[in-house]
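Engineer: The following block contains a protein sequence and its predicted model.
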Amino acid sequence: AQSVTQLDSHVSVSEGTPVLLRCNYSSSYSPSLFWYVQHPNKGLQLLLKYTSAATLVKGINGFEAEFKKSETSFHLTKPSAHMSDAAEYFCVVSSNSGYSTLTFGKGTMLLVSP
Amino acid sequence: DAGVTQSPTHLIKTRGQQVTLRCSPKSGHDTVSWYQQALGQGPQFIFQYYEEEERQRGNFPDRFSGHQFPNYSSELNVNALLLGDSALYLCASSLVTGGSGAFFGQGTRLTVV
């Protein structure tokens, strides 16, 4: 069984300040972890993925995430927020048990103010 | 590469009717998964198809069924629609080996009235 907990339903930042979106996971298998972003009325776009290689993962648009097994966390960060980052972000876990099904967190809405 | 394409983009149906949604996976991908995203929620896994067979199924009733064709495209069928079936339906394509994530289509917005 696997699950994801996104610790904040909403995060508000000012443009140019750092972004931190928190995610904890649970998985019976060695997991793959992902962050997806969803802009209003759009599909899901893959930001980055962790698949048991380097624990610090760099993604698109300046985002990165660090896999911490001891803390079962996979927090998403960005040094400086941009207005275009305003969207909903989903932390996702996939077991490597042979099925590539994804379990999503409930999402964190990132609000960026000027 | 057209990526994952879904049709139609929007659909309005009446309670009790049946609906079919379609998905063409990303070129080179052999596995298609369907997800339901209710308003304000994260996507929920419905089922996954590989080699024209349903490989895994989430916690959805039998009213939800699917099909995968030899060209890897897929359909999602929902019978006896309920108001609660109103949602964004997302198709994701991937490789059966998994681990590399999935690519999503733009979704079909289904409204049941």
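Structural biologist: Ah, there it is.
Engineer: Can you show me the strands along the chain?
Structural biologist: Just so you know, I chose chain A. Using DSSP state E, the strands of chain A run over residues A:2-6, A:10-14, A:19-21, A:23-27, A:31-38, A:44-50, A:56-58, A:64-68, A:73-78, A:87-95, A:103-104, A:108-113.
Engineer: meant chain B actually
Structural biologist: B:5-7, B:10-13, B:19-24, B:31-37, B:44-50, B:53-57, B:64-68, B:74-78, B:87-94, B:103-104, B:108-112.
Engineer: Dump the strands of chain A to a markdown table, plus distance to chain B and mean pLDDT.
Structural biologist: (Each C-beta comes from the backbone N, C-alpha and C, glycine too.) Below are the strands of chain A laid out as a markdown table (distance: least, Cβ to the nearest Cβ, whole Å; pLDDT from 0 to 100):
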| stretch | distance to chain B | mean pLDDT |
| --- | --- | --- |
| strand A:2-6 | 8 | 92 |
| strand A:10-14 | 12 | 98 |
| strand A:19-21 | 14 | 98 |
| strand A:23-27 | 12 | 92 |
| strand A:31-38 | 5 | 92 |
| strand A:44-50 | 4 | 92 |
| strand A:56-58 | 12 | 94 |
| strand A:64-68 | 13 | 95 |
| strand A:73-78 | 13 | 97 |
| strand A:87-95 | 6 | 91 |
| strand A:103-104 | 4 | 92 |
| strand A:108-113 | 9 | 97 |
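Engineer: Switch those over to TSV; also include mean neighbour count.
Structural biologist: Shown next, in TSV, are those (neighbours: other Cβ atoms under 10 Å in any protein chain shown):
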stretch	mean neighbour count
strand A:2-6	17
strand A:10-14	14
strand A:19-21	18
strand A:23-27	19
strand A:31-38	24
strand A:44-50	20
strand A:56-58	13
strand A:64-68	18
strand A:73-78	20
strand A:87-95	23
strand A:103-104	22
strand A:108-113	17
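Engineer: Can you spell out which residues form a bridge with residue A:49?
Structural biologist: residue A:34 (DSSP bridges).
Engineer: I figured residue B:26 hits residue B:32, correct?
Structural biologist: No: taking Cβ atoms under 8 Å as the definition, residue B:26 is not a contact partner of residue B:32, at 9.9 Å.
Engineer: any common contacting residues for those two?
Structural biologist: By Cβ atoms under 8 Å, 6 or more residues apart in numbering or on different chains, residue B:26 and residue B:32 have these common neighbours: residue B:93.
Engineer: Those two: who's more crowded?
Structural biologist: Set residue B:26 next to residue B:32 and count neighbours by other Cβ atoms under 10 Å in any protein chain shown: residue B:32 wins out with 29 against 20.
Engineer: Enumerate every residue touching the residue nearest the centre of chain B.
Structural biologist: With distances taken as Cα atoms, centre = their mean, residue B:34 lies nearest the centre of chain B, 3.1 Å away. Residue B:34 makes contact with B:23, B:45, B:46, B:47, B:48, B:66, B:74, B:76, B:89, B:90, B:91, B:92 under the criterion Cβ under 8 Å, 6+ apart.
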